[in-house]
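Asks: The sequence and its predicted three-dimensional model are supplied below.
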Amino acid sequence: MKRRNKKNSEMPLLGHIKELRKVFLIAIYAVAFGTVVGWIVSDYVYRFLADPITRISGVAFITTTPMEPVLVKLQVSVVSGVVIALPIILWQIWSFVMPGLKKNEKKYIYFIVPASVILFLGGAAFAYYGVLPICLKFLLFAGSSSVDYTPFLTKASYLKFILTFMIAFGVVFQLPVILLILMRLGFLSPKTLAKYRKWAFFAIVLLTVLLSPTPDLLTQFLMAGPMYLLYEISIWIGFLITREKKVKPSKKIPEAKASVKKPDDKKANDALISEGNKIEEKAEEARLSDEDNPADEDRFSDEKTVTATSKAGEGQVE
């Protein structure tokens, strides 16, 4: 797939709209193709998503409507299609935006996009492998000591639950990217973040209460802990990025050009002075030899004029 030319940044508005339309069309085609592939592998994908719940004994899946299995299969296919088409979607957005950015702005994009994707996938993986097994046992059997019961889950409700759970953790793990962007823009500094740690912890707790997919304290604690750890990591990364480089003051020499030209000017002035001295000596000799020849007064006066001119030049040089 070819990358768009830099000339796209100088297109008129209609040209940009056409390019944006092309981006949307390619993204839709990619998602459609991915959905077809996702329909084929949807059973394996749902089995993978349901693995944390199937490992718990005494829990069974049920369906409450005849359409539920087909709808769940279709939802899993669409989600799988988006994941499969995600590299193409990101490349289309990348190729559309990059030609219009400046060199320093491209540096930020090179950092933000990969870091954001990696952190989102890391948050989703942490939720699936670390948090879900603990939270599911706690949520399903929290009141089992009082009354015996058998947990039943519908396929649709569990799919919605686990997708919300993983997406919420993926969004929460974007905190370092957001903080580093604010620090690079000058709105925050590592010292400010370190100074207000207590308030930041309080804000993180409130944020986890709002973003947590379940209202239980265990899930909120498991979300707030990594989030605060990422906050501390962001501070240290911020200190490394925003460390002020010691710049040595540059000493400007205002007469640098004149100093370079001085040796040449001095040589020229010395040559002029020596030439004037020679002319003066010749004039003096002519005066002494012509004292007895009054007919050469005009010649003597001319040589005197030359001597005066050479002296005037010597005075200017001095």
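Replies: Perfect, thanks for sending it. Fair warning: this is a prediction, and the values are worked out from it, not measured in the lab.

Asks: Return the residues in contact with the residue lying closest to M166 once chain neighbours are set aside.
Replies: Once flanking residues are discounted, M166 sits nearest to A124: 4.2 Å by CB to CB, 6 or more residues apart in numbering. For glycine as for every other residue, the C-beta is placed from the backbone atoms N, C-alpha and C. A124 is in contact with 166-167, 169-170, counting by CB atoms under 8 Å, 6 or more residues apart in numbering.

Asks: switch the cut-off to 10 Å
Replies: 163, 165-171, 173 (CB atoms under 10 Å, 6 or more residues apart in numbering).

Asks: Could you measure from the most centrally placed residue in the chain over to I241?
Replies: Nearest residue to the geometric centre of the chain (CA atoms, centre = their mean): Y108, 1.4 Å. Look at Y108 and I241: by CB to CB, to the nearest Å, they are 11 Å apart.

Asks: same check, this time on V177
Replies: Counting by CB to CB, the gap from V177 to I241 is 12 Å.

Asks: Correct me if wrong: V209 contacts M223.
Replies: Yes: look at V209 against M223 with CB atoms under 10 Å: they come within range, at 9.4 Å.

Asks: neighbour-wise, which of those two wins?
Replies: Per other CB atoms under 10 Å, whichever of V209 and M223 has more neighbours is M223, with 29 against 13.

Asks: Am I right that that one is in a helix?
Replies: Yes: assessed by DSSP: H, G, I helix; E, B strand; the rest coil, M223 belongs to a helix.

Asks: secondary structure element for the residue nearest to it when sequence neighbours are not counted?
Replies: Among residues not flanking M223 along the chain, T208 sits closest, at 4.5 Å (CB to CB, 6+ apart). In this assignment (DSSP states H and E), T208 forms part of helix 197-211.

Asks: any shared contact partners between Y108 and I241?
Replies: 180, 184.

Asks: that older thread, of the contacts of A124, which belong to strands?
Replies: Of the contacts of A124, none are assigned to strands by DSSP state E.

Asks: which one of those residues sits closest to G58?
Replies: F165 (21.0 Å; CB to CB).

Asks: which residues does that closest one contact?
Replies: The neighbours of F165, taking CB under 10 Å, 6+ apart as the test, are 52, 124, 127-128, 131-132, 135-136, 212-214, 219, 223.

Asks: Check what pLDDT it gets.
Replies: We have a pLDDT of 90 for F165.

Asks: That one and L49: what is the separation?
Replies: Taking CB to CB, one finds F165 at 10 Å from L49.

Asks: Common neighbours of these two, please.
Replies: 128, 132.

Asks: Restricting to C-alpha, output stretch 174-188 in PDB.
Replies: C-alpha atoms of stretch 174-188 as PDB (Å, rounded to 0.1, in the frame of the first residue of the first chain):
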ATOM      1  CA  GLN A 174      -3.500   5.700  28.400                       C
ATOM      2  CA  LEU A 175      -2.700   7.800  31.400                       C
ATOM      3  CA  PRO A 176       1.100   8.000  30.800                       C
ATOM      4  CA  VAL A 177       0.500   9.100  27.200                       C
ATOM      5  CA  ILE A 178      -1.900  11.900  28.300                       C
ATOM      6  CA  LEU A 179       0.400  13.200  31.000                       C
ATOM      7  CA  LEU A 180       3.500  13.200  28.800                       C
ATOM      8  CA  ILE A 181       1.600  15.100  26.100                       C
ATOM      9  CA  LEU A 182       0.600  17.700  28.600                       C
ATOM     10  CA  MET A 183       4.200  18.000  29.900                       C
ATOM     11  CA  ARG A 184       5.500  18.400  26.400                       C
ATOM     12  CA  LEU A 185       3.000  21.200  25.700                       C
ATOM     13  CA  GLY A 186       4.000  23.000  28.900                       C
ATOM     14  CA  PHE A 187       0.700  22.600  30.800                       C
ATOM     15  CA  LEU A 188       2.200  20.300  33.400                       C
END
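
Asks: tell me which residues in that stretch are buried?
Replies: 175-177, 179-180, 182-184, 188 (16 or more other CB atoms under 10 Å).
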